[in-house]
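A.B. asks: Next comes the sequence, and after it the predicted model I'd like to discuss.
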Amino acid sequence: MKEFFKLMSRFVAPYKRYLIGSLFFNLLSAILNVFSFMSLIPMLQLLFNMDNMHYNFIPWDSTGSIKDIAINNLYYYTQQLMAIYGAGTTLLLIGLFLITATLLKTGSYFASAAIIVPMRTGIVRDIRNEIYRKILALPLAFFSEERKGDIIARMSGDVGEIENSITGSLEMLIKNPILIVCYLGVLVYTSWQLTLFTILVLPLMVWAMGAIGRKLKKKSLKAQTKWSETMSQLEETLGGMRIIKAFTAEKKMEDRFNDVTDDYRRQMSRVQIRQVSAHPVSEFLGTVLIVIVLWYGGTLIFSGSKIIDAPTFIFYMVILYSIIQPLKDFSRASYNIPKGMASMERVNKILYTENPIKEVPEAEDIDGLHDKIEFRNVSFSYNGKTPVLSDVNLTVKRGETIALVGQSGSGKSTLVDLLPRYHDVVSGEILVDGKNVKGLKIASLRSIIGNVNQEAILFNDSFYNNITFGVENATMEQVVEAAKVANAHDFIMESEDGYNTNVGDRGCRLSGGQRQRISIARAILKNPDILILDEATSALDTESERLVQDALNHLMKTRTTIAIAHRLSTIKNANEICVLHEGRIVERGTHEALIAKDGYYKRLNDMQQL
């Protein structure tokens, strides 16, 4: 429960007014419920001639117990009604009184339940928003280690479980303690001796409910893990559908998915069996409690004890029976909450993940590149053991085009990812105009950098919204101009709705060359000082490559460019070409100079020519 209250302290604060309102109406409901029972029994006693005494009105300010005065006057008013209107009409009036009291009680209960709904839905929304905000803030390294399906499962299944188990228990946690305290207070006031006996029996019921809930969190955690595996399997299937069909692996994938869903079913069966056992157990123990108290109280009455009389004992049993349901609801919350906390534990693995890319408090803004970019003795490793880059030194002057070439895995993409701080260097430093990138505001640094990657990442939106992505207040004229420079305007206008046409999921309605040209148009509209090209044409056919390369040539004019290329023909005109091998720059120079060296670059060039 400590974890639960810690969770509530994090998310309930903005909804205190709803919590206070629910507490008020629950208290009012409990008081009205007790009052209706207290007033009904003595009136019925007189009505059915169980009490033949004659009562006189006692002023409310008289000396004596307020309880005795209230009961006496209640009896007096009932006798007066019977004398004036008769027993039948009095019974009808008592029924109307009970209806009114019940209306007020149920109205208060409805108000207490309705007023907490915005709190429940708000907490779930806040958790989802915080997860999404955290996902956006985490570095790229986090997503290379985590499966996307697992992250989706935590956002959907786990948050849904939190909604059902934890926020669904809020009403019970607010209402039932109030009812239990009120009813228990009435029981103590009615007969503290009988209540003491009841309290000695009650821990058995509480212990049994606790035994059911104790292992539920662990079992629920396993079940949610299996749900994550199910979502991961589905995500991989959707992403690899073309390969699955190409290799006729449908049966293999179906078997894998069936295995995962069978595991999930087994875990959920254990959780749900433990859950459904709670109600019959609590029902049985509640009946046992009633019977034991009934036996003990009946024994006292039969023996002529003055501890409690028969009418009072009837009222006592009514209130005791009323306290059983809140206790059962409370116990239900006690095993629902561990189930939800298991999901919250999985969500917290995202929320509490430390982001190693930190911005210093006194970070500076940067408005552009005015002089040069410097990589000084830069070393980097993903796992802290295997080096990916070692002592890399590179200077990129404003307006220059620097090309990075080398075999796959030589560290080219990692090197350019260090500049916008997708990762941080292990040793050395990266300077922009003499300022360490760690001392610059991350958003400001990335705002002056444009990216065109090998895989053109588009969103399931229109051409217009994909081109203006991340650019505020862009006009239609600017978008059209960017598309024209990127050689994209013609095929956009040929689509059914022009710039308002949806490109499909990840741009699936477009060819590779078209996706890449939309990506280039987006970079042109951003108008960055620094341009990073990561194998932007390597996956294209010859015709598409020519169109994309023309667009890139327009984009690279007057910009500082770092280009990663496998096709050496695309970077022949670079100011400097750096050859990376096993994380080090082993050669650098112009295309002609490197050919003359007859080294790594010459071998790469000869292989491509062959």
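C.D. replies: The structure has been received and is ready for your questions. All values derive from a computational prediction rather than experimental measurement.

A.B. asks: What residues sit buried inside stretch 53-60?
C.D. replies: 55, 58 (16 or more other Cβ atoms under 10 Å). For the C-beta atoms, the positions are set from N, CA and C on the backbone; glycine is no exception.

A.B. asks: Would you mind measuring the gap between the ends of that stretch?
C.D. replies: Terminal residues of stretch 53-60 are spaced 20 Å apart (Cα to Cα, to the nearest Å).

A.B. asks: Number the chain from 445, please
C.D. replies: All set: I'll call the first residue 445, so the last point we hit is now stretch 497-504.

A.B. asks: Can you tell me what sits against that stretch?
C.D. replies: Residues from elsewhere that reach stretch 497-504 (Cβ atoms under 8 Å, 6 or more residues apart in numbering): 508, 513, 516, 517, 519, 520, 523.

A.B. asks: Please name the residues that touch the second one.
C.D. replies: To tie it back to what came earlier, the one meant is residue 513. So residue 513 contacts 502, 504, 506 (Cβ under 8 Å, 6+ apart).

A.B. asks: Next SSE downstream of the worst-scoring helix or strand of the chain on mean pLDDT?
C.D. replies: Among the helices and strands of the chain, helix 647-658 carries the lowest confidence by mean pLDDT, DSSP states H and E, at a mean of 62. Of the helices and strands lying after helix 647-658 in sequence (DSSP states H and E), the nearest is helix 660-683.

A.B. asks: how far out from the middle of the chain is stretch 592-604?
C.D. replies: 8 Å (Cα atoms, centre = their mean, to the nearest Å).

A.B. asks: For that stretch, which outside residues touch it?
C.D. replies: By Cβ under 8 Å, 6+ apart, stretch 592-604 touches 568, 571-572, 575-576, 579, 587, 668, 671-680, 787-788, 790-791, 793-794.

A.B. asks: Just the buried subset of the residues you listed, please.
C.D. replies: 568, 571-572, 575, 579, 668, 671-677, 679-680, 787-788, 790-791, 794.

A.B. asks: Any regions of the stretch 695-844 of the chain where pLDDT drops low?
C.D. replies: 719, 722-723, 755, 775-779 (pLDDT under 70).

A.B. asks: What ranges does it have for its helices?
C.D. replies: 722-746, 754-795 (DSSP state H, counting those that start in this stretch).

A.B. asks: and what of the stretch 445-594 of the chain?
C.D. replies: Going by DSSP H, counting those that start in this stretch, the stretch 445-594 of the chain shows helices at 446-455, 460-491, 510-529, 531-558, 561-581, 584-589, 592-597.

A.B. asks: want to try CSV for those, with mean pLDDT and distance to residue 605 as columns?
C.D. replies: As requested, these are exported to CSV (pLDDT from 0 to 100; distance: least, Cβ to Cβ, whole Å):
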stretch, mean pLDDT, distance to residue 605
helix 446-455, 73, 13
helix 460-491, 76, 22
helix 510-529, 77, 48
helix 531-558, 82, 21
helix 561-581, 86, 11
helix 584-589, 78, 23
helix 592-597, 81, 10
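
A.B. asks: CSV for those helices, including distance to residue 923?
C.D. replies: Below are the helices of the stretch 445-594 of the chain laid out as CSV (distance: least, Cβ to Cβ, whole Å):
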stretch, distance to residue 923
helix 446-455, 41
helix 460-491, 45
helix 510-529, 79
helix 531-558, 47
helix 561-581, 25
helix 584-589, 28
helix 592-597, 31
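
A.B. asks: between these, which one is nearest to residue 814?
C.D. replies: Between residue 814 and those, the tightest spacing by Cβ to Cβ is seen for helix 584-589, at 28.0 Å.

A.B. asks: what does the closest one rub up against?
C.D. replies: 595, 797, 800, 826, 861, 866, 867.

A.B. asks: How far does that helix sit from its chain's centre?
C.D. replies: Taking the mean of its C-alpha atoms, helix 584-589 sits 19 Å from the chain's own mean (Cα atoms, centre = their mean).

A.B. asks: what comes up buried for that helix?
C.D. replies: Result for helix 584-589 [16+ other Cβ under 10 Å]: buried residues 585, 586.

A.B. asks: Can I get that helix as PDB, trimmed to CA atoms?
C.D. replies: C-alpha atoms of helix 584-589 as PDB (Å, rounded to 0.1, in the frame of the first residue of the first chain):
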ATOM      1  CA  LEU A 584      17.700   7.000 -29.200                       C
ATOM      2  CA  ALA A 585      19.800   4.500 -27.400                       C
ATOM      3  CA  PHE A 586      16.800   3.600 -25.200                       C
ATOM      4  CA  PHE A 587      14.700   2.500 -28.200                       C
ATOM      5  CA  SER A 588      17.500   0.400 -29.600                       C
ATOM      6  CA  GLU A 589      17.400  -1.700 -26.400                       C
END
